[in-house]
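*Asks:* show me how the following folds:
(2 chains)
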Amino acid sequence: MSIEDRLMRDISTVTRGVVMTDSDLRDAWEDIDDRIQSDKRQHRRSMVAVAAAAVLVLVLGVGAFLTLDAEDKAAPPANQGPTPTPSPSVDTHATFLTGGAPTVEDLQAVWRLDNGNVIMRFAPPDLVSFDHDGRLFDNPGVQGRYTLDGDTIRITVDGGPYGCGGREIAMRASVPEEGKLHFVITEQGEGACAGLPDQRLVMERMLPLAGYEDFLASRERGWQPVTDSQTLIGTYFAEGGGYLLELDRGNQYHVASGTGEQVDYGEWALERGKLTLTSWPDSVQCSSQDRLVMGNLEFTRPHTTMIRFDVQRNDCGGGWTPKSWVLIPYEGS
Amino acid sequence: MPEQRTGGWRDAEKPARIDLVDVLFRRHYTALLRLAVVMLGNREAAEDAVQDAFVALHRHQRKLRDPDAAEAYLRSCVLNRCRSFVRRQVSQRAPRPLMLVREHQESPEETTVGRHEVESLVTVMRTLARRQREVLACRYVLELSVAETAQLLAISQGAVKSHTHRGLRALQQRIEVTA
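*Replies:* Now for the predicted structure:
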């Protein structure tokens, strides 16, 4: 039997096992119907809120007009009162949010807070995660989904160690130039979910590559062989851009390619100065047990701000070339 | 048989948009669920993915330029949600390869699915690269042609053939290694 026939036979066996009774179908439809109705209620609430706001504005406008009209007819008061404050409808962030609103294509990337540790990742179809300590794949603090409406990004948090599950965070965003993103937080989640309302953030894009070609490691620092695996834990950005490598405390690693997509993950180990990455079966682009062996591994002291190595084995054929890798959270410290 | 609730799936009083979703639900739900089960190996997650797809269809069907595109939209949504589910599992630091080991008490239905999958090529298929497993699912679960698969996944027909060939070859290699 050919492999194709065998696959078809096994698929048929699995799909025949998916039995749907009338009761299953009713339950499934009721679940879908409940969610559609819930969607509609939410939409109606939004519409009512918008309508109420419009009525309020109208009432206030008419009231103000009538008041001004009455005042015009009366004698001018001796004291003109305080200078009116600017209307709350003035966009106080207009100068910061320069450039156009981002598109989904603009957003889908790995972003780093300018001169900070926050890393944010937007990925297809609607996934978003961010972390205040530079974690990208290893259980980042906030994990959820996003929608983009005009310049407003609304994040619904699904989970993550910051305990923000179920909360919503909203922010306005603009693209002032290629590779930059400006955020203003407009609705704050609670606790450590996000920054403060009206906080302004300048993000720089790390992947896909944006202007990091000159981002080279210093040649003046001292390099030493790595003997303690704990010194390696962190997220590294390839000198000159193009890849991210995250080594976590559980000895798992993740690799993101130039597009910001995760391309490989598995287990890492350090033995006699060699760092070995072994792909797991569900690695996106590599096969199970593919190995990448990095020899002559060195790092910089006093802090591990960079690592470098020679590629000694590369089963998966990724574009690993000898270069230095910069630890993101402590870069420049 | 349990009594049907008002507003249940056979209620004829629904607005047109619900009606279309209802019709598509009756026509495609089971096939889409089978697709998701093959992709994920977990019935509960598969049901979530397919139900998500129908809710998304209801939300976005006005934007569909061609009403006949709804079926393709649903398939695409299910594949996307399966992909997201796998990604989420990856990002949650699954301690073992995905979906190969169940963490909770299985229901009789799940046990049935699980038993069918013992030593199944379907289990091995889930470990292939994303494009390969999606192309194989389109070709052998949905039984789409090369052209239909290419259209659904927004790739060329050449890429469909190439991913099919590579996917089958990888399956062959893996079962040879296991044997």
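*Asks:* so the closest residue to A:Asp315 other than its chain neighbours versus A:Trp320, what's the distance?
*Replies:* The spatial neighbour of A:Asp315 that comes closest, neighbours along the chain excluded (C-beta to C-beta, 6 or more residues apart in numbering or on different chains), is A:Asp290 at 3.9 Å. (C-beta placed from N, C-alpha, C; glycine too.) Using C-beta to C-beta, to the nearest Å, A:Asp290 is found at 12 Å from A:Trp320.
*Asks:* so what pairs up with A:Leu244 in the strands?
*Replies:* A:Phe237, A:Ala256 (DSSP bridges).
*Asks:* any idea how far it is from A:Trp111?
*Replies:* With C-beta to C-beta as the criterion, A:Leu244 and A:Trp111 are 12 Å apart.
*Asks:* same question for A:Asp315.
*Replies:* Taken as C-beta to C-beta, the span from A:Asp315 to A:Trp111 is 31 Å.
*Asks:* over to B:Leu57?
*Replies:* 31 Å.
*Asks:* now A:Glu246
*Replies:* 15 Å.
*Asks:* so where's the chain shaky on pLDDT?
*Replies:* I'll assume chain A. Applying pLDDT under 70 to chain A picks out residues A:42-90, A:114-117, A:188-198, A:209-222, A:241, A:301-305, A:322-323, A:328-333.
*Asks:* switch to chain B, that's the one I care about
*Replies:* B:1-18, B:65-67, B:88-119, B:177-179.
*Asks:* please redo it, this time with the cut-off set to 50
*Replies:* B:1-14, B:92-118 (pLDDT under 50).
*Asks:* what are the ranges of the strands in it?
*Replies:* For chain B, no strands are identified by DSSP state E.
*Asks:* tell me where it has helices.
*Replies:* B:16-40, B:43-60, B:70-91, B:108-117, B:121-125, B:130-140, B:146-153, B:157-178 (DSSP state H).
*Asks:* re the thing from before, and the residue nearest to A:Asp315, how far from A:Leu136?
*Replies:* Counting by C-beta to C-beta - A:Asp290 and A:Leu136 are separated by 21 Å.
*Asks:* ok, those two, which is more surrounded?
*Replies:* The neighbour count for A:Asp290 versus A:Leu136, taken as other C-beta atoms under 10 Å in any protein chain shown, is higher for A:Leu136 (26 against 20).
*Asks:* secondary structure class for that one?
*Replies:* Look at A:Leu136: counting by DSSP: H, G, I helix; E, B strand; the rest coil, its state is coil.
*Asks:* contact partners for it?
*Replies:* A:Val110, A:Ile119, A:Arg121, A:Ser129, A:Thr235, A:Leu244, A:Glu246, A:His254, A:Ala256 (C-beta atoms under 8 Å, 6 or more residues apart in numbering or on different chains).
*Asks:* closest to A:Trp280 out of these?
*Replies:* A:His254 (10.7 Å; C-beta to C-beta).
*Asks:* my guess is A:Leu244 contacts A:Ala256. True?
*Replies:* Yes: using C-beta atoms under 8 Å, A:Leu244 is in contact with A:Ala256, at 4.2 Å.
*Asks:* common neighbours of those two, please.
*Replies:* With C-beta under 8 Å, 6+ apart, A:Leu244 and A:Ala256 have common neighbours A:Val110, A:Leu136, A:Leu207.
*Asks:* the closest residue to B:Leu40 other than its chain neighbours: neighbour count?
*Replies:* The spatially closest residue to B:Leu40, leaving aside those adjacent along the chain, is B:Ala46, at 5.2 Å (C-beta to C-beta, 6+ apart). Number of residues near B:Ala46 (other C-beta under 10 Å) recorded here: 25.
*Asks:* which residues touch B:Ala46?
*Replies:* Here B:Ala46 is in contact with B:Leu33, B:Ala36, B:Val37, B:Met39, B:Leu40, B:Cys82 (C-beta under 8 Å, 6+ apart).
*Asks:* closest residue of the stretch 1-150 of chain A to chain B?
*Replies:* A:Trp29 (3.4 Å; C-beta to the nearest C-beta).
*Asks:* up against chain B, what does the stretch 1-150 of chain A have?
*Replies:* Within reach of chain B by C-beta under 8 Å from any C-beta of the partner chain, the stretch 1-150 of chain A has these residues: A:3-4, A:6-8, A:10-11, A:13-20, A:22-23, A:25-26, A:28-33, A:35-36, A:39, A:123-127, A:129, A:137-140, A:143.
*Asks:* ok, back up a step: what do A:Leu244 and A:Trp111 both touch?
*Replies:* When C-beta under 8 Å, 6+ apart defines a contact, the residues bordering A:Leu244 and A:Trp111 alike are A:Met206.
*Asks:* what's across from the residue nearest the centre of chain A in the sheet?
*Replies:* For chain A, the residue sitting closest to the mean C-alpha position, by C-alpha atoms, centre = their mean, is A:Arg121 at 2.4 Å. As for beta bridges, A:Arg121 partners with A:Val110, A:Ser129 under DSSP bridges.
*Asks:* mind listing what A:Ala256 touches?
*Replies:* Applying C-beta under 8 Å, 6+ apart, we find A:Ala256 in contact with A:Val110, A:Leu136, A:Phe137, A:Leu207, A:Tyr243, A:Leu244, A:Glu246, A:Gln262, A:Val263.
*Asks:* ok, which residues in the stretch 151-300 of chain A are in contact with chain B?
*Replies:* Contact residues (C-beta under 8 Å from any C-beta) of the stretch 151-300 of chain A with chain B: A:158, A:248, A:250, A:252, A:262, A:265, A:280-282, A:284-285, A:287-288.
*Asks:* between all of these, which two are separated the most?
*Replies:* Maximum distance among these (C-beta to C-beta): 29.8 Å, for A:Asp158 and A:Ser287.
*Asks:* against A:Gln230, how distant is A:Leu327?
*Replies:* In terms of C-beta to C-beta, A:Leu327 sits 13 Å off from A:Gln230.
*Asks:* and B:Val160, by the same measure?
*Replies:* In terms of C-beta to C-beta, B:Val160 sits 46 Å off from A:Gln230.
*Asks:* more crowded one of these two?
*Replies:* Using other C-beta under 10 Å as the criterion, B:Val160 and A:Gln230 rank with B:Val160 on top: 25 against 8.
*Asks:* surely that one is in contact with B:Gln151?
*Replies:* No: here B:Val160 lies out of contact with B:Gln151, judged by C-beta under 8 Å, at a distance of 9.6 Å.
*Asks:* and residue 124, how many residues sit next to it?
*Replies:* Chain wasn't specified; assuming chain A. A:Pro124: 15 neighbours (other C-beta under 10 Å).
*Asks:* that answer is for a different chain, and I need it for chain B
*Replies:* Number of residues near B:Val124 (other C-beta under 10 Å) recorded here: 19.
*Asks:* who are the contact partners of it?
*Replies:* B:Leu171, B:Arg174, B:Ile175.
*Asks:* what's across from A:Glu187 in the sheet?
*Replies:* Beta-bridge partners, per DSSP bridges, of A:Glu187: A:Ala170.
*Asks:* next, count neighbours for it.
*Replies:* Burial of A:Glu187 is recorded as 14 neighbouring residues (other C-beta under 10 Å).
*Asks:* I'd say it and A:Arg172 touch.
*Replies:* No: contact criterion C-beta under 8 Å: A:Glu187 and A:Arg172 do not qualify, at 10.2 Å.
*Asks:* how much space between A:Thr103 and A:Asp151?
*Replies:* Per C-beta to C-beta, A:Thr103 is found 11 Å from A:Asp151.
*Asks:* between these two, which one's more packed in?
*Replies:* Relative neighbour count places A:Asp151 above the other of A:Thr103 and A:Asp151, with 18 against 10, counting by other C-beta under 10 Å.
*Asks:* from A:Leu327, how far out is A:Thr300?
*Replies:* Here A:Thr300 is placed at a distance of 9 Å from A:Leu327 (C-beta to C-beta).
*Asks:* which one of these two has more residues nearby?
*Replies:* A:Leu327 (23 against 20).
*Asks:* count the neighbours of whichever residue of the stretch 201-333 of chain A sits closest to chain B for me.
*Replies:* Chain B sits closest to A:Pro281 of the stretch 201-333 of chain A, with a gap of 3.9 Å, by C-beta to the nearest C-beta. Look at A:Pro281: counted by other C-beta under 10 Å, it has 18 neighbours.
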